[in-house]
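In: Sequence first, predicted coordinates after that:
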There are 2 protein chains.
Amino acid sequence: MSKENGQCSSCSEMKEGTCGGEKCSPPPKLHPGGQSKIGRVIAVMSGKGGVGKSSVTALMAVNLKRMGYKVGILDADITGPSIPKMFGVKRVPQSRGLLLPAQSRTGISIMSLNLLLEREDEPVIWRGPIISGAVQQFWTDVNWGELDYLLLDMPPGTGDVPLTVLQQIPVDGIVVVTSPQDLAVMVVKKAVRMAGIMEAHLLGFVQNMAYATCPKCGEKFEIFGKALQKGDTLDGLPVLEVLPIDQELTRLCDTGLVEDTTTKAFEDIPKLMKVNTQVS
Amino acid sequence: MSKENGQCSSCSEMKEGTCGGEKCSPPPKLHPGGQSKIGRVIAVMSGKGGVGKSSVTALMAVNLKRMGYKVGILDADITGPSIPKMFGVKRVPQSRGLLLPAQSRTGISIMSLNLLLEREDEPVIWRGPIISGAVQQFWTDVNWGELDYLLLDMPPGTGDVPLTVLQQIPVDGIVVVTSPQDLAVMVVKKAVRMAGIMEAHLLGFVQNMAYATCPKCGEKFEIFGKALQKGDTLDGLPVLEVLPIDQELTRLCDTGLVEDTTTKAFEDIPKLMKVNTQVS
């Protein structure tokens, strides 16, 4: 419970005693539900909303699946879940005891709060501790089975959910999503600092919405500011992918057909995660 | 504390007794700090991140100011604040007792967590109740002085901050921001439902990022899906404004010069808010 730089070192809460944890001690890492065997956990994070965390998560899942890996997505955005709509899944299967993830058309395992609601636009009006409790349960009370990769689609901000995830779920790597806007980068850096404080392993950045293409003349233009190149460095981290605004991808995401995307990306993830590229 | 549709009617918490309120009773509306006299409070809300709540808030503030009104912005996005950077303000003035808002170049009063931090990219790693406590304090512990309009720039989601704001701050109207993407609209509808459950007054929608303009051939194209028209209806509410992706506005927001925008919008707000358009 010692404080360093005004911050309680035991749990990364800015004020000692405010985290609500028992005696303010760091909460333990949790085990995934049932007999789940999960190879690598990757959190897709940003700090900023609307930069494309969910599309990046979906693209990464689709591409890892195509490489032959067993892939799951834990949608940790409890109040604004996008994953089920992108994959066209609506409900989890009936089960006794532990929850079972829904299966997408190509066999990606998905758990999201929207799979538990009657209506997809029903709000969950919950305070933070209840929201992060739901994320914990998506880890501890879901039988994920055997997965090579579980991707966590994180909500914006540096509040309850990222705090709980980084404290209690054994995350192997974090991919940080940003757009080219200075304003977005400023907020995204907050998430990077948070991950640093919590000693999480940052893999690098994805710059999304880097450019748009005019459907009439084919001009590619940087619509939100200066685009980066794959391999560049931002805030001391490598840029893993640079993705355009892709109207076809938007359409596929809106219609539940993201698995039909032709966008190739994230081939380097297995190497970065030090997973034998010989698929399981 | 009766439950309706599984929801505690007294405080809109989904589970009775989980809101942390004393005996789970609805918390009282709060008074603004000191001698503040605030005419109308408008919350700019979305549910979805990255659709442009902050640019819409800034544009509305700039345009109301130009009409001659006294305007303030309470940046309720504690973990991802964008307002100070857009207006090029960095610190609040020194004060004893109550906090004083920063003043923008044209005299808009601004309070934001980033005005209280040493570094703009420093994260606030706080749990929800602490985050909503900060928003409460921006209302109760800030001497706003006399304002015709206080605009609240809300964070994404339907969690602690919107819940606290709609329970405890006397909000006169809500402007809901969306983008044309179906995916965004689905999440935005959650915020609309939340406002309905909490009996807040919804003014209407702003559709942001409706189209882009090619810098080479001048083609206007619907980059994120079908654009609406001002005056259309969405989810039973009027569409108040339809705004394009505006590269000049992006540049102004990134460089602290949003007050230089030439975009005219929100002229109808005083009429909607039933404020005499004779300025104060």
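Out: Done, it's in.

In: so how far is the helix or strand hosting A:Gln167 off the chain centroid?
Out: Assigned by DSSP states H and E, A:Gln167 belongs to helix A:160-168. Computed by C-alpha atoms, centre = their mean, to the nearest Å, the chain-centroid distance of helix A:160-168 equals 12 Å.

In: Check stretch A:98-113 too.
Out: On C-alpha atoms, centre = their mean, the centre of stretch A:98-113 falls 15 Å from that of its chain.

In: Pull out the buried residues from it.
Out: Burial within stretch A:98-113, assessed by neighbour count using 16 or more other C-beta atoms under 10 Å in any protein chain shown, is assigned to A:Leu99, A:Leu100, A:Pro101, A:Ala102, A:Ser104, A:Ile108, A:Ser109, A:Ile110, A:Met111, A:Ser112, A:Leu113. Heads up, the C-betas are built off the backbone N, CA and C, glycines and all.

In: Then stretch A:166-186?
Out: For stretch A:166-186, burial by neighbour count (16+ other C-beta under 10 Å) applies to A:166-169, A:171-186.

In: Name the next helix or strand downstream of the helix holding A:Gln167, please.
Out: Reading on from helix A:160-168 to the C-terminus, the next helix or strand found by DSSP H and E is strand A:173-178.

In: confidence score at A:Arg96?
Out: pLDDT, A:Arg96: 89.

In: re the thing from before, got a list of contacts for the helix holding A:Gln167?
Out: Outside of helix A:160-168, the residues that reach it under the criterion C-beta atoms under 8 Å, 6 or more residues apart in numbering or on different chains are A:11-13, A:26-30, A:43, A:45, A:76-78, A:128-129, A:131-132, A:135-136, A:139, A:152, A:154-155, A:171, A:191, A:194-195, A:198, A:200, B:125, B:127-128, B:159.

In: What of stretch A:88-96?
Out: Stretch A:88-96 is contacted from outside by A:84, A:99-105, A:110-111, A:115-116, A:120, A:143, A:255-257, using C-beta under 8 Å, 6+ apart.

In: got the buried residues for that stretch?
Out: Using 16+ other C-beta under 10 Å as the burial criterion, the residues of stretch A:88-96 that qualify are A:Val89, A:Val92.

In: Can you tell me the SS state at A:Val192?
Out: Using DSSP: H, G, I helix; E, B strand; the rest coil, the three-state assignment for A:Val192 comes out as helix.

In: what bridges to the most centrally placed residue in chain A?
Out: Closest residue to the average C-alpha location of chain A: A:Asp153 at 2.4 Å, with C-alpha atoms, centre = their mean. On the basis of DSSP bridges, A:Asp153 is bridged to A:Val44, A:Asp75.

In: ok, A:Lys226 - how many residues close by?
Out: Burial measure for A:Lys226: 10 neighbouring residues, criterion other C-beta atoms under 10 Å in any protein chain shown.

In: give me the element it is part of.
Out: Per DSSP H and E: nothing holds A:Lys226, as it lies in no helix or strand.

In: ok, now which ones touch it?
Out: Taking C-beta under 8 Å, 6+ apart, we find A:Lys226 in contact with A:Pro180.

In: how close does it sit to B:Leu30?
Out: 43 Å (C-beta to C-beta, to the nearest Å).

In: Surely A:Asp260 and A:Arg251 touch.
Out: No. At 9.8 Å, A:Asp260 does not count as touching A:Arg251 under the criterion of C-beta atoms under 8 Å.

In: Quick check: most distant residue from the centroid of chain A.
Out: Among residues of chain A, the one most distant from the C-alpha centroid is A:Cys217; the distance is 35.0 Å, by C-alpha atoms, centre = their mean.

In: Give me the nearest residue to it, chain neighbours excluded.
Out: Using C-beta to C-beta, 6 or more residues apart in numbering or on different chains and skipping residues adjacent in sequence, the residue nearest A:Cys217 is B:Cys217, 4.1 Å away.

In: hmm, back to that, filter the contacts of stretch A:88-96 down to the ones near chain B?
Out: Cross-checking the contacts of stretch A:88-96 against chain B (C-beta under 8 Å from any C-beta of the partner chain) gives A:Glu120, A:Thr255 as the overlapping residues.

In: What about the contacts of helix A:160-168, which are in strands?
Out: The subset of those located in strands under the criterion DSSP state E comprises A:Ala43, A:Met45, A:Leu152.

In: Top of the residues you listed by number of neighbours, please.
Out: Ranking those using other C-beta under 10 Å puts A:Met45 first, with 31 neighbours.

In: Run through the residues that contact that one.
Out: Residues in contact with A:Met45 (C-beta under 8 Å, 6+ apart) are A:Lys53, A:Met154, A:Pro162, A:Ile174, A:Val175, A:Val176, A:Val177, A:Ala191, A:Ala195.

In: for the residues you listed, which one is nearest chain B?
Out: A:Ala191 (6.8 Å; C-beta to the nearest C-beta).

In: The closest residue to chain B within the stretch 51-200 of chain A - how many residues pack around it?
Out: Closest approach of the stretch 51-200 of chain A to chain B (C-beta to the nearest C-beta) occurs at A:Gly128, with a separation of 2.2 Å. Using other C-beta under 10 Å, A:Gly128 has 27 other residues around it.

In: Correct me if wrong: it contacts B:Thr158.
Out: No. With contact taken as C-beta under 8 Å, A:Gly128 and B:Thr158 are classed as non-touching, separated by 11.7 Å.

In: burial count for A:Ser46?
Out: Burial of A:Ser46 is recorded as 32 neighbouring residues (other C-beta under 10 Å).

In: Tell me the bridge partners for the residue nearest to it when sequence neighbours are not counted.
Out: Counting by C-beta to C-beta, 6+ apart, the nearest residue to A:Ser46 once its immediate chain neighbours are dropped is A:Val177, at 4.6 Å. Partner residues in beta bridges with A:Val177: A:Val206, with DSSP bridges as the criterion.

In: what's near enough to touch A:Val177?
Out: The contact partners of A:Val177, by C-beta under 8 Å, 6+ apart, come to A:Val44, A:Met45, A:Ser46, A:Val51, A:Gly52, A:Lys53, A:Val56, A:Val188, A:Phe205, A:Val206, A:Asn208.

In: go again using 6 Å as the cut-off
Out: With contacts defined as C-beta atoms under 6 Å, 6 or more residues apart in numbering or on different chains, the neighbours of A:Val177 are A:Ser46, A:Val51, A:Gly52, A:Lys53, A:Val56, A:Val206, A:Asn208.

In: now these in TSV, with secondary structure, pLDDT and distance to A:Ile269?
Out: Written out in TSV, the entries for the contacts of A:Val177 read as follows (DSSP: H, G, I helix; E, B strand; the rest coil; pLDDT from 0 to 100; distance: C-beta to C-beta, whole Å):
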residue	secondary structure	pLDDT	distance to A:Ile269
A:Ser46	coil	97	17
A:Val51	coil	97	19
A:Gly52	coil	97	17
A:Lys53	helix	98	16
A:Val56	helix	98	11
A:Val206	strand	98	11
A:Asn208	coil	98	16
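
In: Go through these and give me the one with the most neighbours.
Out: Each of the contacts of A:Val177 was scored by neighbours using other C-beta under 10 Å; the highest score is A:Ser46's, at 32 neighbours.
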